[in-house]
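Student: just the structure for this:
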Amino acid sequence: MDIVRYLLAFAVLIAHFNELAGHDIPFIISSYNAVGGFFALSGFLMYRSYTKHNNAVRFALMRARRILPPYLITVVFFALALAAASTLPLASYFGNSDFYKYLAANISFMNWLSPCLPGVFAGDEFVSHAVNGSLWTMKVEWMLYFTVPVFVWLASRLRGHKIIIALAIIAMSVIYRFSFTLLYQETGRELFNILGRQIFGQLSFFYTGMLIYFLKEHFMRRLPLYFILALVLETAAIFIPYGRIFILPFAISTIVMALSLYPRSIKLPGGRHNISYEIYLVHYPIVQLCVATHLNQLPQWSAFGITALATIVAAALLYAVCRTINSCAKSSKAQQPQV
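Tutor: Numbers count the residues shown, from 1 in each chain. The predicted structure follows:
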């Protein structure tokens, strides 16, 4: 599963490098499939996590402890550090209301309200002027987490028919995505395209991952068969009208979970210290900086190598900082006198 997480994180990095830096690094996994794969992994893991504690508040606090520190540090750090990349003087940069709008919007997960910093990545050489265009998925991730307690409550009310409920949610998600795709095609309004990929459009990935968790024993017994079938379906989705909507959630989720649950273990450097989440968080502004410093004008593989190395180093530092903060918080709590 750790290897799969890294593959998905690097798929998003490569996709954004190609889009923003104007290169064409080949990779077998698209950004769309990688994001869906992350949601499928979350669906598989979050049901088990919630039922282990069966407490919505504790579940939310545990997820917040892992998700929030790297996210908040990323938002604040780049908001401060990119003052050096702004076309505005420091006083004008920090005195600009857009700076504070950016912080408020991104800290509250409402990234779409203010994706840009004043004078940062504003030139014509930038495909996008957003500081971190990957952060839109974080609000979706949180909202998906919050559906788990509702799902568990609903399953208890309906005599535990978890599989049927999950299938119904997946079907509704697919219909929702299809409806907004049609609206976007008919009107050309980008708003419909944006709404289509928000939480209700991602429930199909999340709950397919959860469905595989419910059927894990059966899935594991026929893992090679399901993996091959999913590969066939993924290929077929390219040629079938709207296959991306009706087929890919099942195909991608199955491929990701089949690879993740492969019974042989492969040890990675760093052991359990997986920094794929941190790679996802920091890569976009680093690619933007690659464009700002004209490193993207280097030969393709040189530019990508520098960008990837900078992303890995930044992600490792972010992970280390957050780990230190958590350790200090635990130590402080342990030293508090018991009343």
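Student: okay, now the unreliable bits of the stretch 51-200 of the chain?
Tutor: 160 (pLDDT under 70).
Student: could I get the full set of helices for it?
Tutor: With DSSP state H, counting those that start in this stretch as the criterion, the stretch 51-200 of the chain has helices at 56-81, 90-95, 97-107, 136-157, 162-187, 190-196, 199-214.
Student: buried residues in stretch 218-230?
Tutor: Judged by neighbour count (16 or more other CB atoms under 10 Å), stretch 218-230 contains these buried residues: 219, 223, 226-227, 229-230. C-betas here are computed from N, CA, C, even on glycine.
Student: nearest to K101 among the residues you listed?
Tutor: Nearest to K101 out of these is A230 (CB to CB; 42.9 Å).
Student: which of the helices of the stretch 51-200 of the chain sits most buried?
Tutor: For those, the largest average neighbour count (mean count of other CB atoms under 10 Å) is found in helix 199-214, namely a mean of 26.
Student: tally of neighbours for T293?
Tutor: Residues near T293, counting by other CB atoms under 10 Å, number 11.
Student: what distance do you get for it to T307?
Tutor: Distance of T293 to T307, given as CB to CB, to the nearest Å: 10 Å.
Student: now stretch 214-231 - C-alpha only, CSV.
Tutor: Only the C-alpha atoms of stretch 214-231 are listed here, as CSV (Å, rounded to 0.1, in the frame of the first residue of the first chain):
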residue,chain,number,x,y,z
PHE,A,214,-16.6,-5.4,3.0
LEU,A,215,-15.8,-8.1,0.5
LYS,A,216,-12.1,-8.4,1.3
GLU,A,217,-11.9,-12.1,1.8
HIS,A,218,-13.7,-12.8,-1.4
PHE,A,219,-11.6,-10.2,-3.2
MET,A,220,-8.4,-11.6,-1.9
ARG,A,221,-9.2,-15.1,-3.1
ARG,A,222,-9.8,-13.9,-6.6
LEU,A,223,-7.4,-11.0,-6.6
PRO,A,224,-5.5,-11.7,-9.9
LEU,A,225,-8.8,-12.2,-11.7
TYR,A,226,-10.3,-8.9,-10.5
PHE,A,227,-7.0,-7.1,-11.3
ILE,A,228,-7.0,-8.4,-14.9
LEU,A,229,-10.7,-7.6,-15.3
ALA,A,230,-10.1,-4.1,-14.0
LEU,A,231,-7.3,-3.5,-16.4
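Student: who does the helix or strand in which I255 is found touch, helix- and strand-wise?
Tutor: Secondary structure assignment for I255, by DSSP states H and E: helix 248-260. Under the contact definition 3 or more CB pairs under 8 Å, 6 or more residues apart in numbering; DSSP states H and E, helix 248-260 sits against helix 2-21, helix 31-53, helix 162-187, helix 199-214, helix 223-239.
Student: compare the ones you listed and give me the one nearest A314.
Tutor: helix 2-21 (11.7 Å).
Student: redo the helices and strands packed on helix 248-260 as TSV? Include distance to R63.
Tutor: As requested, those are exported to TSV (distance: least, CB to CB, whole Å):
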stretch	distance to R63
helix 2-21	16
helix 31-53	8
helix 162-187	20
helix 199-214	14
helix 223-239	28
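Student: between these, which gets nearest to F77?
Tutor: The nearest among the helices and strands packed on helix 248-260, by CB to CB, is helix 2-21 at 18.3 Å.
Student: so for that closest one, what gets flagged as buried?
Tutor: Buried residues in helix 2-21, defined by neighbour count with 16+ other CB under 10 Å: 2, 4-5, 7-18, 20-21.
Student: picking up where we left off before, out of the helices of the stretch 51-200 of the chain, the one nearest E125 is which?
Tutor: Closest to E125 of the helices of the stretch 51-200 of the chain is helix 56-81 (CB to CB; 19.0 Å).
Student: closest to L45 out of the buried residues of stretch 218-230?
Tutor: Of all the buried residues of stretch 218-230, L45 sits closest to F219, with 14.8 Å by CB to CB.
Student: ok, the closest one - contacts?
Tutor: Shown in contact with F219 (CB atoms under 8 Å, 6 or more residues apart in numbering): 212, 226, 257-258, 261.
Student: need the residues you listed in JSON lines with distance to A314 and pLDDT, can you?
Tutor: Shown next, in JSON lines, are those (distance: CB to CB, whole Å; pLDDT from 0 to 100):
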{"residue": "I212", "distance to A314": "33", "pLDDT": "96"}
{"residue": "Y226", "distance to A314": "37", "pLDDT": "95"}
{"residue": "M257", "distance to A314": "29", "pLDDT": "95"}
{"residue": "A258", "distance to A314": "31", "pLDDT": "95"}
{"residue": "L261", "distance to A314": "31", "pLDDT": "92"}
